[in-house]
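S.K.: Mind looking at a prediction? Sequence and model below.
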Amino acid sequence: MPDANLILEIKNLDVCYKTEDGDVHAVNGIDLQLGYHKTLGLVGETGAGKTTTALSLLRLIPDPPGIIECDTMIVAGNDMLKMPVSELEGIRGKDISMIFQDPMTALNPVFTVGEQIAESLEIHEHLSKSDAYERAIQMLETVGIPRSRGNEFPHQFSGGMKQRVVIAIALACNPKLLIADEPTTALDVTIQAQVLELMKTLKDKNDTSMILITHDLGIVAEVCDEVAVMYAGRIVEKGSLREIFDETLHPYTEGLFNSLPNINDRSAKLKPIQGLMPDPTDLPPGCTFAPRCGYAKDECLRRQPRLACMAGTHYVSCLAYERSDFHIGRGKH
Amino acid sequence: MALLEVKNLKKYFKTSHGMLHAVDDVSFTLEKGKTLGLVGESGCGKSTTGRAILRLIEPTSGEVFFDGVNVIKANRQGMRKLRESMQIIFQDPFSSLDPKKTLSQLISEPIRESRIIRNKVDVEQRVLELFDTVGLSTRLINSYPHELDGGRRQRIGIARALAMEPKMIVCDEPVSALDVSIQAQILNLLEELQDSKGVSYIFITHDLSVVNHFSDDIAVMYLGQIVEKASADELFKNPIHPYTKALLSAIPIPDLSVRKNRIILKGEIVSPVNLPDECRFCKRCNETSEECSKGIPAQVEVNPGHFVACFHCKPAMSRN
């Protein structure tokens, strides 16, 4: 029975791409829950499986080569796995919508931005062409673009403006869940500040829940309520914003924080994580982070840790916490 | 004497719409063994400045003195000699390496080309040394760039720049294409090389937290001009130009105990084509007044070593 308080409930999600070079294990058994009106930050580096996770929520993983296996996947009250494709189309862009990373390629160059926003309104809200266009223009104004520009084409807009258009498309039908995949990575900092502010305002106004995919912990600190840190297709730590930032448990999360320059202490030496992310076609048998982990013991290379609850909503996947005296360097004063 | 002195450097491009002012009257100096950070948003002219200094693109006007030699006046031969001491690391480690050459060919190319080492065995020895310096395993010596990840490729880019034992390296967004954990590895490597070899850097970036960590001095650029220039400490503690303030306030900080007032700027950077004679920033500025459209503000020294180009800022006002 799905939990009515959750907009998102995933249990044991696996995504694997069958390629000629072998099976690419992009996502390996992750669990995620998200309450209504909350924002979840999905954090990790390139290849961690963040985008694949997001795409599989909309069942947008190309099959073949991609295969989604999952025990439960309930999004906004819909059982995404059992649903036929024809019904999925009624949900995508309506109940769940997505902001893609690159605003330059997410828009169709041969349609005006007004038409592109109106398209989803026509399909999902069954509005007439002219009514949909009028609503589309209103949406443009909401995201801070004058209505007179509705009949212009994407190439006439700057990067920041295009991303506003993409946000307008995503929010046009008041989705229950918004998935934003690195929405500001392609933008300059001052424009990033404008866009994040806009997303926060609109999300609060429409009571939308959000999954924000990013590699930038600074953005997570400003926007998210909950955080899940991904590494090599697994969630290694998850919890509330405060739990992740102030009571960090996983060595990888600690490594991410230590890699960032400290703006208040310029002389502090950066402590990078040694080595590289493992190849997803050939994951190590034990803990996937063990080969790069400064705390790793022999056992870590052999046995795979499970995501275990440490306190409240704080989960960590690390064998070291089976010993009660273990703690990482960060946050201990 | 400063290692590098740039005076009134300008680079204009002719376009079908008019004159594009990519770099407009930029001056700065760089001391030996120090790092100057050049920050700004896309299109502000920071990369063009870096390239114009090396004459990878010919400046429209201005002077560049490197170690007392006028770079702009150097002939072809002189330029070859100069480029041995001034090198560049490019932003994109994927497109800046020739895919048909092995790593050892890539690194030995500048050495063979400049004939600083003539003996083949010594060249090979030098390549192995360079592999070691940038922390690459020598078993990769016959690999091709496509076999490497971004971080390792950027190490090759660094090794190539180091091959000539340069006095100065222009680092054009060397870590922007890399993940944070790899970014920190590369920044540490660049720092170690500065400590051991005394090389100077011009560090071009849009990432303010990186530049703060890495630079001794910082110059903030907006639409082809330097709007504020100071030591890194001073700039972050006491930013004066409205653009610098907005830029600093926009940095997302991964620390929950820091809550700050964000200054949200209006609009976006305007086109650098046919710019009117007014403060370049006045269209987006929160503190703009009538005065601002009357000309281009000159740089004023508000504190020792701290220069600001803003009409609202007089030397006496610096103590507010």
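M.R.: Great, that's in hand.
S.K.: now check stretch A:45-62, is it near chain B?
M.R.: Yes. Stretch A:45-62 lies within reach of chain B by Cβ under 8 Å from any Cβ of the partner chain, at A:45-46. Bear in mind the C-beta positions are built from the backbone N, C-alpha and C, glycine included.
S.K.: my bad, stretch A:222-231
M.R.: Yes. Counting by Cβ under 8 Å from any Cβ, chain B is contacted by stretch A:222-231 at A:Glu222.
S.K.: From the rest of the structure, what touches that stretch?
M.R.: With contact meaning Cβ atoms under 8 Å, 6 or more residues apart in numbering or on different chains, stretch A:222-231 is reached by A:30, A:32, A:34, A:38-45, A:48-50, A:53, A:196, A:199-200, A:210, A:212, A:220, A:235-241, A:244-245, A:250, A:252-253, A:256, A:277, A:288-289, A:313, B:252.
S.K.: Which helix or strand contains the residue nearest the centre of chain A?
M.R.: The residue lying closest to the centre of chain A (Cα atoms, centre = their mean) is A:Ile213, at 2.7 Å. If you go by DSSP states H and E, A:Ile213 is part of strand A:209-214.
S.K.: So for that strand, mean pLDDT?
M.R.: Strand A:209-214 shows a mean pLDDT of 94.
S.K.: Close to chain B: what parts of the stretch 1-150 of chain A are there?
M.R.: Residues of the stretch 1-150 of chain A found near chain B (Cβ under 8 Å from any Cβ) are A:45-46.
S.K.: which phi and psi does the closest residue to B:Ile141 other than its chain neighbours have?
M.R.: Leaving aside its chain neighbours, B:Ile141 sits nearest to B:Ser104 (4.6 Å; criterion: Cβ to Cβ, 6 or more residues apart in numbering or on different chains). Phi and psi for B:Ser104, reported as degrees, to the nearest 10, are phi -70, psi -40.
S.K.: and B:Ser104, how many neighbours?
M.R.: 19 (other Cβ atoms under 10 Å in any protein chain shown).
S.K.: Let me know the pLDDT of B:Thr138.
M.R.: The model's pLDDT for B:Thr138 equals 85.
S.K.: Does it touch B:Asp132 like I think?
M.R.: Yes. Applying Cβ atoms under 8 Å, one finds B:Thr138 in contact with B:Asp132, separated by 7.3 Å.
S.K.: circling back: return the set of buried residues in whichever helix or strand comes after the strand holding A:Ile213.
M.R.: Next along the chain after strand A:209-214, taking DSSP H and E as the criterion, comes helix A:217-223. By neighbour count with 16 or more other Cβ atoms under 10 Å in any protein chain shown, helix A:217-223 contains the buried residues A:217-223.
S.K.: what ranges do the strands span in the stretch 51-200 of chain B?
M.R.: With DSSP state E, counting those that start in this stretch as the criterion, the stretch 51-200 of chain B has strands at B:61-66, B:69-70, B:86-89, B:168-172, B:200-205.
S.K.: Please name the nearest non-neighbouring residue to A:Gly239.
M.R.: A:His314 (3.7 Å).
S.K.: Repeat that for B:Ser96.
M.R.: With Cβ to Cβ, 6+ apart as the criterion, B:Ser96 has its nearest non-adjacent residue at 4.0 Å, and that residue is B:Phe90.
S.K.: and what of A:Glu45?
M.R.: B:Asp179 (4.0 Å).
S.K.: For that neighbour, give me its contacts.
M.R.: Taking Cβ under 8 Å, 6+ apart, we find B:Asp179 in contact with A:45-46, A:215, B:150-151.
S.K.: What of A:Ile61?
M.R.: A:15, A:52, A:55, A:68.
S.K.: do that again at 6 Å, thanks
M.R.: A:55, A:68 (Cβ atoms under 6 Å, 6 or more residues apart in numbering or on different chains).
S.K.: now A:Asn151
M.R.: Going by Cβ under 6 Å, 6+ apart, A:Asn151 touches A:112, A:114.
S.K.: Tell me the secondary structure at the residue of the stretch 151-300 of chain B found nearest chain A.
M.R.: Nearest to chain A in the stretch 151-300 of chain B, going by Cβ to the nearest Cβ, is B:Pro252, at a distance of 2.8 Å. Three-state assignment for B:Pro252 (DSSP: H, G, I helix; E, B strand; the rest coil): coil.
S.K.: Quick check: it touching A:Ile219?
M.R.: Yes. Applying Cβ atoms under 6 Å, one finds B:Pro252 in contact with A:Ile219, separated by 4.8 Å.
S.K.: so what's the backbone phi/psi at residue 199?
M.R.: Using chain A. According to degrees, to the nearest 10, A:Met199 has phi -60, psi -40.
S.K.: quick one: pLDDT of the spatially closest residue to A:Thr46 that is not a sequence neighbour?
M.R.: Once flanking residues are discounted, A:Thr46 sits nearest to B:Asp179: 5.3 Å by Cβ to Cβ, 6+ apart. The confidence metric pLDDT takes the value 84 at B:Asp179.
S.K.: B:Ser318 now?
M.R.: Predicted confidence (pLDDT) for B:Ser318: 43.
S.K.: Check A:Gly331 too.
M.R.: Note for A:Gly331: predicted pLDDT of 59.
S.K.: Kindly report the same for B:Tyr12.
M.R.: 94.
S.K.: Shouldn't it be within a strand?
M.R.: Yes. Under three-state DSSP, B:Tyr12 falls within a strand.
S.K.: picking up where we left off before, what about the residue nearest to A:Gly239, how many residues close to it?
M.R.: 18.
S.K.: Next, give phi and psi for it.
M.R.: phi -90, psi 120.
S.K.: Could you give the bridge partners of it?
M.R.: A:His314 has these beta-bridge partners by DSSP bridges: A:Ala311.
S.K.: burial of the nearest residue to A:Met139 once chain neighbours are set aside, as a residue count?
M.R.: Nearest non-adjacent residue to A:Met139, counting by Cβ to Cβ, 6+ apart: A:Ala168, 4.4 Å away. Neighbour count of A:Ala168, defined by other Cβ under 10 Å: 25.
S.K.: tell me which element A:Ala168 is part of?
M.R.: A:Ala168 belongs to helix A:159-171 when assigned by DSSP H and E.
S.K.: Please name every helix or strand in contact with that helix.
M.R.: In this structure, helix A:159-171 packs against strand A:96-99, helix A:103-106, helix A:113-125, helix A:189-206, with contacts taken as 3 or more Cβ pairs under 6 Å, 6 or more residues apart in numbering or on different chains; DSSP states H and E.
S.K.: Which residues does the third one contact?
M.R.: Okay, so that is helix A:113-125. A:93-94, A:127, A:132-133, A:135-136, A:139, A:150-151, A:165, A:168-169, A:172-173.
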